[in-house]
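Asks: need coordinates for the following:
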Amino acid sequence: MSVVFGPNSRRVLQFLTHIEDLSPEEIDRVADLWKQTSSQTRAEGWAVVHHTTTPEERYRILVAASVARRAALDAAQNHKKHDWAFWAAVWDAATAVAVCDRIGSHYNVLVAPLAAVMPSLAHCRRDELEPRELQGAVLKGGG
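Replies: So this is what the prediction gives:
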């Protein structure tokens, strides 16, 4: 498996596949929770992402966030929901999932709105299910 979406690509893919499963009510809940989160706290989380990743990792993490935002736009449109806060929440969550344990408690800040409707996001998990011999290749960008 190559590192398409940052250091935690497998988990990002799992996250992406569940965005379309969200109900209209869950989309509204995520948007409301995102609006309640301090913009300064989110900015601090993004700053930690920036300082704990290499430029190449940041590029891949932003690719993950972009793909997630597109999936969020599609899911929202399918349910006739147009609140940009949902798309922003998915962007933040995908970023946190991609970088995972490197950002400490900032992970929880960035995923909290989505974790309210996707409990599996509540805890950061690296691609621990990968066979040990693949882990080194994945983390180095090989595959």
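Asks: go ahead and flag the most central residue of the chain.
Replies: residue 94 (1.3 Å; C-alpha atoms, centre = their mean).
Asks: tell me the spacing between it and residue 80.
Replies: In this structure, residue 94 and residue 80 are 23 Å apart, going by C-beta to C-beta, to the nearest Å. For the C-beta atoms, the positions are set from N, CA and C on the backbone; glycine is no exception.
Asks: my guess is residue 37 contacts residue 115. True?
Replies: No - the criterion here is C-beta atoms under 8 Å, and residue 37 misses it with residue 115 at 11.7 Å.
Asks: for residue 79, which residues are in contact?
Replies: By C-beta atoms under 8 Å, 6 or more residues apart in numbering, the contact set of residue 79 is 23-24, 27.
Asks: quick check: phi and psi at it.
Replies: phi -100, psi 10 (degrees, to the nearest 10).
Asks: pLDDT value on it, please?
Replies: At residue 79, the model reports a pLDDT of 96.
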